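**Q** got a sequence here, can you model it:
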Amino acid sequence: MKEQLLELQQQATQRIAACASTQELETVRVNYLGKKGELTAILKQMGKLSAEERPVMGQLANEVRSDLEAALESRGAALKQVELQARMAGEKIDITIPGTQRTVGHKHPLSIVQDEIKEIFLGMGFSIATGPEVEWDYYNFEALSLPPGHPARDTHDTFYITERMLLRTQTSPVQIRYMEENAPPIRIIAPGRVYRQDNLDATHSPVFHQIEGLVVDKGVTMANLKHTLDLMCKRLFGEATQTRFRPHHFPFTEPSCEVDVSCFRCGGSGCGLCKGEGWIELLGCGMVHPEVLRRGGIDPEVYSGFAFGMGLDRITMTRFRIDDIRLLFENDLRFLSQF
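**A** Numbering: from 1, shown residues only. Predicted structure coming up:
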(Lines give C-alpha, C1' and ligand atoms only; values in the text may rest on other atoms or scores of the structure.)
Protein backbone atom coordinates (compact mmCIF):
# COMPACT_ATOMS: atom_id res chain seq x y z
CA MET A 1 0.00 0.00 0.00
CA LYS A 2 2.87 2.33 0.69
CA GLU A 3 4.08 1.99 -2.90
CA GLN A 4 0.55 2.67 -4.16
CA LEU A 5 0.24 5.85 -2.10
CA LEU A 6 3.63 7.20 -3.16
CA GLU A 7 2.93 6.39 -6.84
CA LEU A 8 -0.48 8.07 -6.60
CA GLN A 9 1.15 11.17 -5.05
CA GLN A 10 3.72 11.36 -7.85
CA GLN A 11 1.15 10.94 -10.63
CA ALA A 12 -1.30 13.43 -9.09
CA THR A 13 1.42 16.01 -8.53
CA GLN A 14 2.48 15.76 -12.18
CA ARG A 15 -1.09 16.05 -13.43
CA ILE A 16 -1.77 19.03 -11.16
CA ALA A 17 1.30 20.84 -12.49
CA ALA A 18 0.20 20.13 -16.08
CA CYS A 19 -3.31 21.54 -15.67
CA ALA A 20 -3.97 24.51 -17.98
CA SER A 21 -7.33 25.65 -16.56
CA THR A 22 -9.26 25.67 -13.31
CA GLN A 23 -11.84 23.37 -14.89
CA GLU A 24 -9.16 20.79 -15.72
CA LEU A 25 -7.74 21.18 -12.22
CA GLU A 26 -11.15 20.41 -10.68
CA THR A 27 -11.32 17.22 -12.75
CA VAL A 28 -7.96 16.10 -11.39
CA ARG A 29 -9.06 16.83 -7.82
CA VAL A 30 -12.19 14.73 -8.20
CA ASN A 31 -10.24 11.84 -9.80
CA TYR A 32 -7.76 11.62 -6.94
CA LEU A 33 -9.44 13.09 -3.82
CA GLY A 34 -13.13 12.71 -4.54
CA LYS A 35 -15.44 10.23 -2.76
CA LYS A 36 -14.89 7.79 -5.60
CA GLY A 37 -11.32 8.90 -6.30
CA GLU A 38 -8.15 6.83 -6.40
CA LEU A 39 -7.02 7.76 -2.88
CA THR A 40 -10.35 6.61 -1.46
CA ALA A 41 -10.02 3.33 -3.35
CA ILE A 42 -6.59 2.67 -1.80
CA LEU A 43 -7.83 3.54 1.71
CA LYS A 44 -10.57 0.94 1.37
CA GLN A 45 -7.81 -1.67 1.52
CA MET A 46 -6.87 -0.63 5.09
CA GLY A 47 -8.98 -3.44 6.47
CA LYS A 48 -6.56 -6.01 5.03
CA LEU A 49 -3.61 -4.55 6.99
CA SER A 50 -2.39 -5.73 10.36
CA ALA A 51 -3.02 -3.68 13.48
CA GLU A 52 0.57 -2.45 13.46
CA GLU A 53 0.48 -1.29 9.78
CA ARG A 54 -2.79 0.61 9.91
CA PRO A 55 -1.58 3.67 11.88
CA VAL A 56 1.51 3.96 9.71
CA MET A 57 -0.45 3.76 6.43
CA GLY A 58 -3.14 6.07 7.82
CA GLN A 59 -0.58 8.73 8.64
CA LEU A 60 1.03 8.38 5.19
CA ALA A 61 -2.36 8.65 3.51
CA ASN A 62 -3.11 11.85 5.42
CA GLU A 63 0.25 13.31 4.41
CA VAL A 64 -0.40 12.46 0.76
CA ARG A 65 -3.87 14.06 0.95
CA SER A 66 -2.47 17.21 2.59
CA ASP A 67 0.33 17.51 0.03
CA LEU A 68 -2.08 17.10 -2.89
CA GLU A 69 -4.55 19.62 -1.43
CA ALA A 70 -1.73 22.14 -1.01
CA ALA A 71 -0.61 21.54 -4.60
CA LEU A 72 -4.19 21.96 -5.83
CA GLU A 73 -4.63 25.21 -3.93
CA SER A 74 -1.32 26.62 -5.17
CA ARG A 75 -1.96 25.64 -8.79
CA GLY A 76 -5.57 26.89 -8.56
CA ALA A 77 -4.46 30.34 -7.41
CA ALA A 78 -1.96 30.56 -10.25
CA LEU A 79 -4.52 29.47 -12.86
CA LYS A 80 -7.13 31.94 -11.56
CA GLN A 81 -4.64 34.76 -11.94
CA VAL A 82 -3.82 33.67 -15.49
CA GLU A 83 -7.51 33.42 -16.41
CA LEU A 84 -8.21 36.83 -14.84
CA GLN A 85 -5.45 38.43 -16.89
CA ALA A 86 -6.77 36.79 -20.05
CA ARG A 87 -10.32 37.96 -19.36
CA MET A 88 -9.19 41.50 -18.62
CA ALA A 89 -7.22 41.57 -21.86
CA GLY A 90 -10.26 40.36 -23.77
CA GLU A 91 -12.53 42.96 -22.14
CA LYS A 92 -10.13 45.83 -22.51
CA ILE A 93 -11.71 49.03 -23.79
CA ASP A 94 -9.82 51.41 -26.00
CA ILE A 95 -10.86 54.78 -24.63
CA THR A 96 -9.19 56.55 -27.55
CA ILE A 97 -11.81 55.23 -30.00
CA PRO A 98 -14.45 57.91 -30.74
CA GLY A 99 -17.75 57.04 -29.04
CA THR A 100 -21.24 57.05 -30.49
CA GLN A 101 -22.65 60.55 -30.38
CA ARG A 102 -26.07 60.72 -28.76
CA THR A 103 -28.17 63.78 -29.43
CA VAL A 104 -29.61 65.37 -26.30
CA GLY A 105 -33.25 66.33 -26.69
CA HIS A 106 -34.91 69.51 -25.48
CA LYS A 107 -38.35 70.98 -25.00
CA HIS A 108 -40.72 71.62 -27.90
CA PRO A 109 -41.37 75.34 -28.47
CA LEU A 110 -44.97 74.88 -27.31
CA SER A 111 -43.73 73.31 -24.08
CA ILE A 112 -41.20 76.11 -23.58
CA VAL A 113 -43.85 78.84 -23.72
CA GLN A 114 -46.45 76.82 -21.79
CA ASP A 115 -44.00 76.21 -18.94
CA GLU A 116 -43.12 79.92 -18.84
CA ILE A 117 -46.80 80.85 -18.59
CA LYS A 118 -47.36 78.25 -15.89
CA GLU A 119 -44.47 79.66 -13.85
CA ILE A 120 -45.86 83.19 -14.19
CA PHE A 121 -49.28 82.21 -12.83
CA LEU A 122 -47.93 79.86 -10.19
CA GLY A 123 -45.95 82.85 -8.94
CA MET A 124 -49.23 84.75 -8.62
CA GLY A 125 -50.82 82.04 -6.50
CA PHE A 126 -52.69 80.14 -9.22
CA SER A 127 -53.03 76.35 -9.39
CA ILE A 128 -52.96 74.09 -12.45
CA ALA A 129 -56.24 72.32 -13.32
CA THR A 130 -56.86 69.69 -16.00
CA GLY A 131 -59.87 67.94 -17.47
CA PRO A 132 -60.86 65.37 -20.10
CA GLU A 133 -60.34 66.06 -23.79
CA VAL A 134 -63.40 63.92 -24.59
CA GLU A 135 -66.15 66.05 -23.07
CA TRP A 136 -69.91 66.17 -22.64
CA ASP A 137 -71.82 68.75 -24.68
CA TYR A 138 -73.16 70.15 -21.41
CA TYR A 139 -69.75 71.16 -20.05
CA ASN A 140 -68.39 72.31 -23.41
CA PHE A 141 -71.40 74.43 -24.40
CA GLU A 142 -74.55 74.50 -22.26
CA ALA A 143 -72.89 75.26 -18.91
CA LEU A 144 -71.08 78.13 -20.66
CA SER A 145 -74.35 79.78 -21.84
CA LEU A 146 -74.18 78.17 -25.29
CA PRO A 147 -77.46 76.21 -25.54
CA PRO A 148 -78.29 74.12 -28.64
CA GLY A 149 -78.87 76.36 -31.64
CA HIS A 150 -76.81 79.26 -30.27
CA PRO A 151 -75.06 81.00 -33.21
CA ALA A 152 -71.73 81.11 -31.34
CA ARG A 153 -71.53 77.33 -31.66
CA ASP A 154 -70.80 77.77 -35.36
CA THR A 155 -67.28 79.00 -34.57
CA HIS A 156 -66.78 75.92 -32.39
CA ASP A 157 -67.65 73.29 -34.99
CA THR A 158 -66.04 70.19 -33.54
CA PHE A 159 -65.71 66.42 -33.74
CA TYR A 160 -68.66 64.58 -32.21
CA ILE A 161 -68.30 61.06 -30.81
CA THR A 162 -71.98 60.72 -29.96
CA GLU A 163 -74.85 63.20 -30.06
CA ARG A 164 -73.94 64.43 -26.58
CA MET A 165 -70.20 63.69 -26.43
CA LEU A 166 -67.44 65.47 -28.35
CA LEU A 167 -63.79 66.46 -28.46
CA ARG A 168 -63.66 69.68 -26.46
CA THR A 169 -63.34 72.94 -28.43
CA GLN A 170 -61.86 74.88 -25.51
CA THR A 171 -60.49 74.28 -22.02
CA SER A 172 -63.39 76.24 -20.49
CA PRO A 173 -65.15 72.99 -19.41
CA VAL A 174 -62.34 72.58 -16.87
CA GLN A 175 -63.54 75.77 -15.20
CA ILE A 176 -67.10 74.43 -14.77
CA ARG A 177 -65.87 71.09 -13.46
CA TYR A 178 -63.52 72.83 -11.02
CA MET A 179 -66.27 75.13 -9.71
CA GLU A 180 -68.56 72.13 -9.15
CA GLU A 181 -65.94 70.41 -6.99
CA ASN A 182 -64.27 73.37 -5.23
CA ALA A 183 -65.62 76.29 -3.25
CA PRO A 184 -64.21 79.82 -3.69
CA PRO A 185 -61.68 81.33 -3.52
CA ILE A 186 -60.60 79.86 -6.88
CA ARG A 187 -57.47 80.77 -8.82
CA ILE A 188 -56.64 78.31 -11.59
CA ILE A 189 -55.26 78.06 -15.09
CA ALA A 190 -56.26 75.19 -17.38
CA PRO A 191 -53.80 74.37 -20.16
CA GLY A 192 -54.59 71.66 -22.68
CA ARG A 193 -55.25 70.43 -26.18
CA VAL A 194 -58.50 71.33 -27.96
CA TYR A 195 -60.15 70.44 -31.28
CA ARG A 196 -62.16 72.21 -33.96
CA GLN A 197 -63.02 71.38 -37.55
CA ASP A 198 -60.70 73.96 -39.09
CA ASN A 199 -59.01 73.45 -42.42
CA LEU A 200 -55.27 73.08 -41.97
CA ASP A 201 -53.35 76.11 -43.24
CA ALA A 202 -50.64 78.50 -42.06
CA THR A 203 -52.78 79.92 -39.23
CA HIS A 204 -55.38 77.21 -38.51
CA SER A 205 -55.25 73.63 -37.29
CA PRO A 206 -57.93 71.13 -36.22
CA VAL A 207 -55.77 70.44 -33.15
CA PHE A 208 -54.31 73.28 -31.11
CA HIS A 209 -53.69 74.35 -27.50
CA GLN A 210 -55.28 76.78 -25.10
CA ILE A 211 -54.55 78.15 -21.66
CA GLU A 212 -57.55 79.48 -19.80
CA GLY A 213 -57.70 81.09 -16.39
CA LEU A 214 -60.39 81.55 -13.78
CA VAL A 215 -60.53 83.61 -10.59
CA VAL A 216 -63.60 83.56 -8.33
CA ASP A 217 -63.77 85.30 -4.97
CA LYS A 218 -65.61 88.01 -3.12
CA GLY A 219 -65.10 91.50 -4.55
CA VAL A 220 -63.28 90.50 -7.77
CA THR A 221 -63.45 93.35 -10.29
CA MET A 222 -62.36 94.24 -13.81
CA ALA A 223 -59.39 96.05 -12.29
CA ASN A 224 -58.12 92.72 -10.93
CA LEU A 225 -58.45 91.20 -14.38
CA LYS A 226 -56.55 94.01 -16.07
CA HIS A 227 -53.77 93.97 -13.48
CA THR A 228 -53.35 90.17 -13.75
CA LEU A 229 -53.14 90.13 -17.55
CA ASP A 230 -50.93 93.23 -17.70
CA LEU A 231 -48.48 91.57 -15.31
CA MET A 232 -48.54 88.32 -17.32
CA CYS A 233 -47.77 90.16 -20.59
CA LYS A 234 -44.89 92.08 -19.05
CA ARG A 235 -43.39 88.88 -17.61
CA LEU A 236 -43.84 87.05 -20.89
CA PHE A 237 -42.85 89.68 -23.46
CA GLY A 238 -40.80 92.21 -21.47
CA GLU A 239 -41.38 95.02 -18.99
CA ALA A 240 -41.84 97.58 -21.79
CA THR A 241 -44.93 95.73 -23.10
CA GLN A 242 -48.19 97.71 -23.08
CA THR A 243 -51.67 96.18 -23.07
CA ARG A 244 -54.88 97.39 -24.70
CA PHE A 245 -58.38 96.18 -23.79
CA ARG A 246 -61.06 96.38 -26.50
CA PRO A 247 -64.79 95.70 -25.93
CA HIS A 248 -65.92 92.35 -27.30
CA HIS A 249 -68.61 89.72 -26.75
CA PHE A 250 -68.33 86.23 -25.31
CA PRO A 251 -71.45 84.34 -24.15
CA PHE A 252 -69.84 83.25 -20.89
CA THR A 253 -68.44 86.63 -19.75
CA GLU A 254 -70.03 90.05 -19.24
CA PRO A 255 -68.47 92.51 -19.85
CA SER A 256 -65.98 90.95 -22.29
CA CYS A 257 -62.74 92.20 -23.84
CA GLU A 258 -60.10 91.38 -26.39
CA VAL A 259 -56.56 92.06 -25.19
CA ASP A 260 -53.80 93.36 -27.46
CA VAL A 261 -50.12 93.77 -26.61
CA SER A 262 -47.79 96.35 -28.06
CA CYS A 263 -45.61 94.87 -30.79
CA PHE A 264 -42.34 93.82 -29.20
CA ARG A 265 -40.50 94.10 -32.50
CA CYS A 266 -41.28 97.72 -33.32
CA GLY A 267 -42.48 98.94 -29.92
CA GLY A 268 -45.79 100.12 -31.38
CA SER A 269 -44.54 102.14 -34.34
CA GLY A 270 -45.72 99.57 -36.90
CA CYS A 271 -43.92 96.76 -38.72
CA GLY A 272 -44.50 93.58 -40.69
CA LEU A 273 -45.09 91.49 -37.57
CA CYS A 274 -47.99 93.65 -36.35
CA LYS A 275 -49.06 94.48 -39.93
CA GLY A 276 -48.37 98.17 -39.33
CA GLU A 277 -50.84 98.50 -36.46
CA GLY A 278 -48.38 98.54 -33.58
CA TRP A 279 -50.55 96.05 -31.65
CA ILE A 280 -50.85 92.25 -31.67
CA GLU A 281 -54.13 90.55 -30.69
CA LEU A 282 -53.39 88.11 -27.89
CA LEU A 283 -56.41 86.78 -25.96
CA GLY A 284 -60.00 87.16 -24.86
CA CYS A 285 -61.26 87.77 -21.33
CA GLY A 286 -64.05 89.18 -19.22
CA MET A 287 -66.00 89.03 -15.97
CA VAL A 288 -67.62 85.61 -15.50
CA HIS A 289 -71.31 85.68 -16.42
CA PRO A 290 -73.59 85.17 -13.37
CA GLU A 291 -75.33 82.27 -15.10
CA VAL A 292 -72.00 80.49 -15.56
CA LEU A 293 -71.30 80.88 -11.85
CA ARG A 294 -74.72 79.39 -11.06
CA ARG A 295 -74.01 76.41 -13.34
CA GLY A 296 -70.82 75.88 -11.36
CA GLY A 297 -72.71 75.89 -8.07
CA ILE A 298 -71.57 79.37 -6.98
CA ASP A 299 -73.88 82.17 -5.85
CA PRO A 300 -73.26 85.23 -8.08
CA GLU A 301 -74.84 87.45 -5.45
CA VAL A 302 -71.92 86.67 -3.13
CA TYR A 303 -69.03 85.97 -5.48
CA SER A 304 -67.72 87.44 -8.72
CA GLY A 305 -64.88 86.40 -10.95
CA PHE A 306 -62.98 86.87 -14.17
CA ALA A 307 -61.82 84.46 -16.86
CA PHE A 308 -59.45 84.61 -19.79
CA GLY A 309 -58.33 82.33 -22.57
CA MET A 310 -55.36 82.42 -24.91
CA GLY A 311 -54.17 80.30 -27.79
CA LEU A 312 -50.81 78.81 -26.82
CA ASP A 313 -49.94 78.15 -30.46
CA ARG A 314 -50.50 81.79 -31.43
CA ILE A 315 -48.42 83.06 -28.52
CA THR A 316 -45.63 80.61 -29.38
CA MET A 317 -45.69 81.68 -33.03
CA THR A 318 -45.56 85.32 -31.98
CA ARG A 319 -42.82 84.72 -29.44
CA PHE A 320 -40.52 82.83 -31.82
CA ARG A 321 -41.48 84.59 -35.08
CA ILE A 322 -43.00 81.42 -36.57
CA ASP A 323 -45.15 82.13 -39.62
CA ASP A 324 -46.80 78.71 -40.12
CA ILE A 325 -48.62 76.76 -37.39
CA ARG A 326 -48.02 73.50 -39.25
CA LEU A 327 -44.33 73.69 -38.33
CA LEU A 328 -45.30 73.08 -34.70
CA PHE A 329 -46.82 69.68 -35.50
CA GLU A 330 -44.71 68.25 -38.33
CA ASN A 331 -41.88 67.07 -36.04
CA ASP A 332 -39.20 68.26 -38.45
CA LEU A 333 -35.94 68.19 -36.49
CA ARG A 334 -34.44 70.81 -38.77
CA PHE A 335 -37.07 73.20 -37.43
CA LEU A 336 -37.27 72.00 -33.81
CA SER A 337 -33.47 72.01 -33.29
CA GLN A 338 -33.51 75.82 -33.55
CA PHE A 339 -35.16 76.19 -30.13
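**Q** CA only for contacts and neighbour counts going forward, please
**A** OK.
**Q** shaky segments in the stretch 1-150 of the chain?
**A** Scanning the stretch 1-150 of the chain for pLDDT under 70 picks out 1, 43, 46-47, 49.
**Q** which parts of it are helices?
**A** 2-18, 22-33, 38-43, 53-90, 109-123, 137-140 (DSSP state H, counting those that start in this stretch).
**Q** for Ala240, which non-adjacent residue is spatially closest?
**A** Take Ala240 and drop its neighbours on the chain: the residue closest to it by C-alpha to C-alpha, 6 or more residues apart in numbering is Lys234, 6.9 Å away.
**Q** cool, Cys266 as well?
**A** Gly278 (7.1 Å).
**Q** contacts only, for the one you found.
**A** Ser262, Cys263, Cys266, Gly267, Gly268, Ser269, Gly270, Cys271 (C-alpha atoms under 8 Å, 6 or more residues apart in numbering).
**Q** return the member of those residues nearest to Gln9.
**A** Cys263 (99.3 Å; C-alpha to C-alpha).
**Q** give me phi/psi at the closest one?
**A** Per-residue torsions, Cys263: phi -60, psi 120 (degrees, to the nearest 10).
**Q** against Glu163, how distant is the residue most central in space within the chain?
**A** With distances taken as C-alpha atoms, centre = their mean, Lys107 lies nearest the centre of the chain, 11.1 Å away. Distance, Lys107 to Glu163, using C-alpha to C-alpha, to the nearest Å: 38 Å.
**Q** and Ser256, by the same measure?
**A** 30 Å.
**Q** neighbour count: these two, which is higher?
**A** Ser256 (24 against 8; other C-alpha atoms under 10 Å).
**Q** ok but that one is inside a helix, no?
**A** No. Counting by DSSP: H, G, I helix; E, B strand; the rest coil, Ser256 is not part of a helix but strand.
**Q** in stretch 54-63, what counts as buried?
**A** Met57, Leu60, Ala61 (16 or more other C-alpha atoms under 10 Å).
**Q** what of stretch 68-81?
**A** Leu68, Leu72, Arg75, Gly76, Leu79.
**Q** what's the burial count for Pro151?
**A** For Pro151, using other C-alpha under 10 Å, the count is 10.
**Q** what's the answer for Thr253, then?
**A** Thr253 - counted by other C-alpha under 10 Å - has 24 other residues nearby.
**Q** can you pull the pLDDT of it?
**A** If you check Thr253, the pLDDT there is 91.
**Q** what distance do you get for it to Ala41?
**A** According to C-alpha to C-alpha, Thr253 and Ala41 sit 103 Å apart.
**Q** swap in Gly276?
**A** As judged by C-alpha to C-alpha, Gly276 and Ala41 stand 108 Å apart.
**Q** same check on Val292?
**A** In terms of C-alpha to C-alpha, Val292 sits 100 Å off from Ala41.
**Q** ok, those two, which is more surrounded?
**A** More neighbours surround Val292 than the other of Val292 and Ala41, with 21 against 14 (other C-alpha under 10 Å).
**Q** mean confidence for the host helix or strand of that one?
**A** Here Val292 is covered by helix 290-295, with elements defined by DSSP states H and E. Averaging pLDDT along helix 290-295 yields 92.
**Q** same check, this time on stretch 310-321
**A** The model assigns stretch 310-321 a mean pLDDT of 87.
**Q** need the contact partners of that stretch.
**A** With contacts defined as C-alpha under 8 Å, 6+ apart, stretch 310-321 is touched by 109-110, 113-114, 208-212, 237, 282-284, 322-325.
**Q** among those residues, name the ones in helices.
**A** Pro109, Leu110, Val113, Gln114, Phe237 (DSSP state H).
**Q** for the stretch 201-339 of the chain, which segments count as strands?
**A** 207-217, 243-250, 253-262, 279-288, 304-311 (DSSP state E, counting those that start in this stretch).
**Q** may I have the strands that pair with the third one, each with its orientation?
**A** Counting by DSSP bridges, the strands paired with strand 253-262 are strand 243-250 (antiparallel), strand 279-288 (antiparallel).
**Q** which of those strands has the highest mean neighbour count?
**A** strand 279-288 (a mean of 23; mean count of other C-alpha atoms under 10 Å).
**Q** what angle sits between that one and strand 207-217?
**A** 50 degrees (axes from the mean of the first three to the mean of the last three C-alpha atoms, to 10 degrees).
**Q** check the gap between Asp299 and His289 for me.
**A** Note on Asp299: its distance to His289, by C-alpha to C-alpha, is 11 Å.
**Q** before we move on, the earlier item: give me the spatial nearest neighbour of the residue nearest to the centre of the chain, chain neighbours excluded.
**A** Phe339 (8.0 Å).
**Q** give me the neighbour count for the one you found.
**A** 10.
**Q** so it makes contact with Pro109?
**A** Yes. Assessed by C-alpha atoms under 8 Å, Phe339 is found in contact with Pro109 at 6.5 Å.
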